[in-house]
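>>> Predicted model and sequence follow; I will ask about them next.
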Amino acid sequence: MTVAIGGLGAIGAHLARALDAGVEGLRLTAIAARDQEKARRLIAGFRSTPLLVDLRGLAEHADIVVEAAPAAVFEQMAEAAIGRGRIFIPSSVGALLPRMHLVARARETGARIVVPTGALLGLDAVRAAAEGKVESVTIETRKPPRGLEGAPYLVENNIDLLGITTPRLVFKGNAFDAARGFPANVNVAAALALAGIGPERTMVEIWGDPGVSRNTHTIRVEAAAARLTMTIENVPSEENPRTGKITPLSILACLRGLTSTLKVGS
Ligand SMILES: NC(=O)C1=CN([C@@H]2O[C@H](COP(=O)(O)OP(=O)(O)OC[C@H]3O[C@@H](n4cnc5c(N)ncnc54)[C@H](O)[C@@H]3O)[C@@H](O)[C@H]2O)C=CC1
Ligand SMILES: O=C([O-])CC(=O)C(=O)O
């Protein structure tokens, strides 16, 4: 299958390099970048040169379109990919929550929207639990203050975390509101909501924590079949401290799952 990537930052550049290095059954055919010069430098050493197109053009050149750009440009990429019936893999999952009409549109065009586990863990177990009765799903996110810097919710509420010396709870509410207030920080909460009981019922706490050096997410699920408590501690990437290094790896694993003969995990 052919793959196109929109956005060449912490996630996209890593993914592009990995695909060019070789992944069985997958070929990188197109990329879109805001900084064209940087993109050219990235692909200069590639074994096979992908086309450099704009975000909307990606869907014309690949079976699978991976969105790895800021949430602000999510809609144009999603609409083009879904409109053409592609497999659309979003990174900015929070941007999907207020746009669930895209799922109905995908049903019409034959597109698929495949949400990767991303910086989170355990979505296989959450999905399994949600086949039965689920009482509650919560996620507690702790990030070093600079990993939350610039979030619209903090700006609107005049919350400055940079000088704090003790952990501070900055948001408590549902996943829908968390994604709106922290579009670049809690995509994991959106993915959890979609795997389980939806954005209104999935509860989120966001902490600015000067005591952690990793982006740390703990999910708790109380269900009829099982009780889950899971924590992941992500090493922030050098390019973008908001993004854990595991994220492009998760998308790569997700891509492999689309073509592999042996697939592990639901
Ligand atoms: N699902 C998950 O678990 C996670 C999702 N994310 C989300 O994934 C998205 C990408 O994250 P990163 O790679 O860390 O971001 P980044 O900021 O490192 O990279 C984004 C790239 O998109 C490019 N870009 C911006 N506008 C563009 C346009 N119009 N056309 C083409 N390229 C454009 C930027 O130049 C930049 O290179 C973000 O929305 C982030 O919040 C991040 C971490 C985990
Ligand atoms: O922990 C991470 O790497 C990123 C994160 O919270 C998100 O975008 O949801």
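Structure received. Numbering: from 1, shown residues only. Ligands and ions are numbered 1, 2, ... in the order given.

>>> Select the longest helix from the chain.
In the chain, with assignment by DSSP state H, the single longest helix is helix 246-259.

>>> what comes into contact with that helix?
Residues outside helix 246-259 that contact it (CB atoms under 8 Å, 6 or more residues apart in numbering) are 1, 3, 10-12, 14-15, 18-19, 23-26, 64, 66, 68, 87, 89, 91, 114, 116-119, 232, 234-235, 237, 263, 265. All C-beta atoms are positioned from the backbone trio N, CA, C, and that covers glycine.

>>> just the helices in the chain please.
Using DSSP H, the helices assigned to the chain run over residues 12-21, 36-44, 74-83, 101-109, 123-130, 152-156, 175-181, 187-195, 246-259.

>>> Up against ligand 1, what does the stretch 101-250 of the chain have?
Residues of the stretch 101-250 of the chain lying near ligand 1 by CB under 6 Å from any ligand atom: 118-120, 184, 187-188, 191, 239-240, 243, 247.

>>> Just the closest of the residues you listed to ligand 1, please.
Closest approach to ligand 1 among those (CB to the nearest ligand atom): G118, at 2.2 Å.

>>> Mind pulling up the pLDDT for that closest one?
Per-residue pLDDT puts G118 at 98.

>>> show me what contacts it?
91, 93, 187-188, 191, 247, 250-251.

>>> redo that, cut-off 7 Å
Residues near G118 by CB atoms under 7 Å, 6 or more residues apart in numbering: 91, 93, 187-188, 191, 247, 250.

>>> re the thing from before, show me which of the contacts of helix 246-259 are buried.
By neighbour count, with 16 or more other CB atoms under 10 Å, the contacts of helix 246-259 hold 3, 10-12, 14-15, 18-19, 23, 26, 64, 66, 68, 87, 89, 91, 114, 116-119, 232, 234, 237 as buried.

>>> Can you list which of those are found in strands?
Among these, DSSP state E puts 3, 64, 66, 87, 89, 232, 234 in strands.

>>> filter those by proximity to ligand 2?
Among these, proximity to ligand 2 is found for N234 (CB under 6 Å from any ligand atom).

>>> quick check, nearest of the ones in strands among the buried ones among the contacts of helix 246-259 to ligand 2?
Within these, proximity to ligand 2 (CB to the nearest ligand atom) peaks at N234, which comes in at 4.4 Å.

>>> Name the nearest residue to that closest one, ignoring sequence neighbours.
Nearest non-adjacent residue to N234, counting by CB to CB, 6 or more residues apart in numbering: G244, 2.7 Å away.

>>> Got phi/psi on the residue of the stretch 1-150 of the chain found nearest ligand 1?
Nearest to ligand 1, among the residues of the stretch 1-150 of the chain, is G9, at 1.8 Å (CB to the nearest ligand atom). Main-chain torsions, G9, degrees, to the nearest 10: phi -100, psi -140.

>>> List the residues that contact the closest residue to S237 other than its chain neighbours.
Nearest non-adjacent residue to S237, counting by CB to CB, 6+ apart: A10, 4.2 Å away. Counting by CB under 7 Å, 6+ apart, A10 makes contact with 237, 239-240, 243.

>>> same thing with A151?
So A151 contacts 181-182, 184-185 (CB under 7 Å, 6+ apart).

>>> Against ligand 1, how distant is it?
11 Å (CB to the nearest ligand atom, to the nearest Å).
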